[in-house]
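Turn this into a model:
(chains A and B)
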Amino acid sequence: MSPAVTTSSEATERAATGDVSSATASAAASAAAVAEASGPQTITMAKALNTAMADAMEADSSVLVFGEDVGRLGGVFRITDGLMATFGEQRCFDTPLAESGIVGMAVGMAMNGMRPVIEMQFDAFAYPAFEQIVSHVAKMHNRTKGAVKLPMVIRVPYAGGIGGVEHHCDSSEAYYAHTAGLKVYTPATVADGYRMLREAIDSDDPVMFMEPKKLYWSKDQVDLGALRTEHATNAATGSTSEGHAAVARPGTDATLIAYGPSVPTALAAAAAAAEEGRSLEVIDVRSIVPFDDETVCASVRKTGRAVVIAEAHGFASVSSEIVARVQERCFHYLAAPIRRVTGFDVPYPAPKLEHYYLPSVDRILDAVDDLQWEN
Amino acid sequence: MTISADHEAQGLAEARPDDTEPNDQASEVRRKFGISVEDYMLPARHQIQMVDPSGTLKPESEQGTEPGHEYPIPGDAELMAAYEQLVVGRRVNDQNSALVRQGRMAVYPSSHGQEACQVAAALCLSEGDWLFPTYRDAVAVMSRGVDPVETMTIFRGDWHGGYDPTKHKVGIQCTPLTTQLLHAVGVAHAAKLRGEDTVVLAMCGDGATSEGDFHEALNFAAVFHLPVIFFVQNNKYAISVPLSQQSVAPSLAHKAVGYGMAGERVDGNDLVALLAVLDRAVKLAREGSGPLLIEAHTYRMQAHTNADDATRYRQDSEVAEWTAKDPISRMTSYLTGRGLLDDDGSTRIAAKAEAIASQLREGLGEDVPVDPQNLFRYVFSTPTTQLKEQSALLADELAREASSQKEAGK
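Purely as a prediction, here's the structure:
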């Protein structure tokens, strides 16, 4: 059955006329269900991401969500839950099972006035789309000297820690970060899930939005109303979290630099170190591309010691790039070589072996112990 | 959309009693074309050819048409406008090849011999429609109205593209094979969602039909029922590899039925037949009949590019055979015979072709200064901090180089 043919006439009319008022009402109802209690409430990152897409679709009729199983099912992780019901089959729909097709079609849609938000079901399932991403998504703006912008978001549930089978747990961020022309975001907190996905959808540049799948069900108290207001204010003033790392935990003795799924591990290590009397600062990179040299280096200059933590293999990785950048900029402030705690240079292991592979609190604390402390 | 017979045979129609679409399509096809949905999707038994290589109009019964696959001869004005572009296209191809030989252009994949396909692909479209060309389709791009020198910038070497795709609704001349077909699908999909009647024509070659994106694009276009025409120029070679090593399908047009779309074969050196087939394809797509796959039989008369040596993989006799089927001499003879073309007309068209050739010589001959800072300007909408740093690094390097040259010159 073809969605384009069988979609309700209401949705057809909505899309055809660009009128989102009817969609707005239902989206607002759905958003209200989340935000009905104004003020802080406990939600998951999955809900934050879902709300970000619903709010973006409500605000702009050119925002479309499509991919594999994102429609009726609401995505295998339920991140797109309810979007088809709320916005109609023309604005949130399932595609044939073909990742290059999904990305390539999104390129054409973005060329022609839409803002597609597409889902790659799992990190390793995005590889068939690699040519479209590298040869077109990343290069279209440059080769046309800005005449063609591709405001599209490619959402990639990535990394491990969920006991997943092969091809479901890859940390693929380095492939994208290495490609000039792609922005690469990865949220580590529930609030950033909302904040950064809205910003990615607003961006006129293509964004690889790397979602740490083990954090989908992490919960936090957030005030969605306040986040919406913040988004509106930032959009009006051009302020953004793109290229801005965050100090996730302040400290004075050493800096732990982490992103995405490794941020909670780094925070746990910092908490454990505090009990032993060592004050660790944790930096959440958030935006891998563009990278926030300033915040990261300010912290390292202050503490004089650093450990970079990432799930991905260490060789030729984002973590090696961070070490190189910090070393180039902070060499004379360093009391010890920068250490890294990363995944081993092996294919992502089977579920019963993944705990040996993943950066752990103990492994981070061992690395911190190695930072040439005088006493 | 799928064929009803299969669904019913598998009991799927019963499983989804509300899904009457397959039957609807079959009855719609029967109502509109008087044939079964299978006969609509399968190409006619023979390629459509209207004017033979000698320039003689074939009898209607020998044109390859069949019930439901009927093609009226295009009007005189359309034929004359297309002929003019055809002559210009040949001149453009040969001028560009000459510029490569003179070292003024790095490379040029010529469509010499395929100009009828180039012209028809551009002229069948209306103003609001989109064209998605490949690297060999410069003549199609120009026929669509893009400035010749802007078109050739990609081969001049100072930037990867020279025209604004949105201005003329012409995608970039795409190098990674068939990746542009999906962009065509996306443009058509976006237009359909907005209720616009845009038709998109996407070009590729015979070798490209082996690529994965060819399959994904055709399937997406069919599933979303989009007005996309996939136009395959079967020029018999993918650099050196012949079609027999790409596919053993009865024809490339036969692939259409596997996706649930209509396919047709046409003589790619017969401009009259090409216009007839593509005009109808555009009309059907615009009316909502879904995507179509058109295979044009033509021949790459020259090597893949100047860097290629075609004598290593094909015989001169084969090339000579196709010289006799040249699209221009055929059309000249046909139009002259019809009294539509006389010496004055030929002179006027030749002068126009010469003017464009001269424009290319001038535009590509001049040494256009490049701006090294353009390296950083367009990677993103706004350069990142890192790109600003790298831009400053290069600017500093160039400033020091300039000052040391000035010093040495003193």
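
can you give me the strands in chain A?
A:41-44, A:63-67, A:92-94, A:115-119, A:153-158, A:183-185, A:207-212, A:219-222, A:246-249, A:254-258, A:280-284, A:287-289, A:306-313, A:339-343 (DSSP state E).

Which neighbouring elements make contact with the longest one?
Judged by 3 or more C-beta pairs under 8 Å, 6 or more residues apart in numbering or on different chains; DSSP states H and E, the packing partners of strand A:306-313 are strand A:254-258, helix A:262-275, helix A:318-330, strand A:339-343, helix A:361-369. Bear in mind the C-beta positions are built from the backbone N, C-alpha and C, glycine included.

Make TSV out of those and add mean neighbour count, distance to B:Glu84 and mean pLDDT.
Formatted as TSV, these follow (neighbours: other C-beta atoms under 10 Å in any protein chain shown; distance: least, C-beta to C-beta, whole Å; pLDDT from 0 to 100):
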stretch	mean neighbour count	distance to B:Glu84	mean pLDDT
strand A:254-258	28	64	98
helix A:262-275	21	64	98
helix A:318-330	19	56	98
strand A:339-343	23	63	98
helix A:361-369	18	73	98
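
who wins for proximity to chain B among these?
helix A:318-330 (9.1 Å; C-beta to the nearest C-beta).

could you say what helices and strands the closest one packs with?
Using 3+ C-beta pairs under 8 Å, 6+ apart: helix A:318-330 touches helix A:173-177, helix A:293-303, strand A:306-313, strand A:339-343.

which stretch among the strands of chain A comes nearest B:Ser111?
Among the strands of chain A, strand A:115-119 comes nearest to B:Ser111, with 32.9 Å by C-beta to C-beta.

what helix or strand does the residue nearest the centre of chain B sit in?
Centroid-nearest residue in chain B: B:Met203, 3.5 Å away (criterion: C-alpha atoms, centre = their mean). According to DSSP states H and E, B:Met203 maps onto strand B:200-205.

Can the following helix or strand past that strand be said to contact chain A?
Later in the chain than strand B:200-205, the nearest helix or strand by DSSP H and E is helix B:212-223. Yes: counting by C-beta under 8 Å from any C-beta of the partner chain, chain A has neighbours in helix B:212-223: B:Gly212, B:Asp213, B:His215, B:Glu216, B:Ala217, B:Asn219, B:Phe220, B:Val223.

Can you tell me what sits against the helix or strand where B:Ser404 lies?
Per DSSP H and E, B:Ser404 falls inside helix B:385-409. Contact partners of helix B:385-409, identified using C-beta atoms under 8 Å, 6 or more residues apart in numbering or on different chains, comprise A:Gly243, A:Pro290, A:Phe291, A:Asp293, A:Glu294, B:Pro372, B:Gln373, B:Leu375, B:Phe376, B:Val379, B:Phe380, B:Pro383.

can you do 10 Å?
Outside helix B:385-409, the residues within contact range by C-beta atoms under 10 Å, 6 or more residues apart in numbering or on different chains are A:180, A:243, A:289-294, A:325, B:372-373, B:375-377, B:379-380, B:382-384.

So which of the helices and strands packed on helix A:318-330 has the densest surroundings on average?
The highest mean neighbour count among these, using mean count of other C-beta atoms under 10 Å in any protein chain shown, belongs to strand A:306-313: a mean of 28.

Can you give me every residue that contacts the closest residue to chain B within the stretch 251-375 of chain A?
Here the stretch 251-375 of chain A gets closest to chain B at one residue, A:Pro290, 3.7 Å apart by C-beta to the nearest C-beta. A:Pro290 is in contact with A:183-185, A:242-244, B:380, B:382-387, counting by C-beta under 10 Å, 6+ apart.

what about it, distance to A:Ser218?
26 Å (C-beta to C-beta, to the nearest Å).

just curious, which of the contacts of A:Pro290 is nearest to A:Met53?
A:Tyr185 (14.5 Å).

OK, contacts around that closest one?
A:153, A:173, A:192, A:196-197, A:199-200, A:203, A:207-211, A:241-243, A:259-260, A:285-290.

Any regions of the chain where pLDDT drops low?
By default, I'm working from chain A. Confidence mapping of chain A against pLDDT under 70 gives the ranges A:1-37, A:375.

meant chain B, my bad for not saying
Checking chain B against pLDDT under 70 turns up B:1-23, B:410.

For chain A, give me its nearest residue in it.
For chain B, C-beta to the nearest C-beta, closest residue to chain A: B:Gly186, 2.0 Å.

got a list of what the spatially most central residue of chain A touches?
Closest residue to the average C-alpha location of chain A: A:Thr186 at 2.9 Å, with C-alpha atoms, centre = their mean. Residues counted as contacts of A:Thr186 (C-beta under 10 Å, 6+ apart) are A:156, A:158-159, A:171, A:173, A:177, A:192, A:196, A:208-212, A:215, A:259-263, A:284-288, A:318.

And for B:Gln102, the neighbour number?
B:Gln102 has 11 neighbours, counted by other C-beta atoms under 10 Å in any protein chain shown.

Please apply the same query to B:Asn269.
Around B:Asn269 there are 28 residues (other C-beta under 10 Å).

Pretty sure it sits against B:His112.
No: in this structure B:Asn269 lies outside contact range of B:His112 using C-beta atoms under 10 Å: 11.8 Å.

which of the residues of helix B:212-223 next to chain A count as buried?
The neighbour-count test (16 or more other C-beta atoms under 10 Å in any protein chain shown) marks B:Asp213, B:His215, B:Glu216, B:Ala217, B:Asn219, B:Phe220, B:Val223 as buried among the residues of helix B:212-223 next to chain A.

Quick check: the farthest pair among these?
Spanning the widest gap among those are B:Asp213 and B:Val223, at 15.1 Å by C-beta to C-beta.

In the stretch 51-200 of chain A, what residue lies closest to chain B?
Closest point on the stretch 51-200 of chain A to chain B, by C-beta to the nearest C-beta, is A:Gly108, at 2.0 Å.

Next, the contact list for the closest residue to that residue other than its chain neighbours, please.
Excluding the flanking residues, the one nearest A:Gly108 by C-beta to C-beta, 6 or more residues apart in numbering or on different chains is B:Gly186, at 2.0 Å. Shown in contact with B:Gly186 (C-beta under 10 Å, 6+ apart): A:101-112, A:114, A:116, A:152, B:200, B:217, B:220, B:226, B:228.

next one: B:Val379
Contacts of B:Val379 by C-beta under 10 Å, 6+ apart are A:Ala138, A:Lys139, A:His141, A:Asn142, A:Gly146, A:Ala180, A:Gly181, A:Leu182, A:Asp205, B:Gln386, B:Leu387.

Many thanks, I have nothing further to ask.
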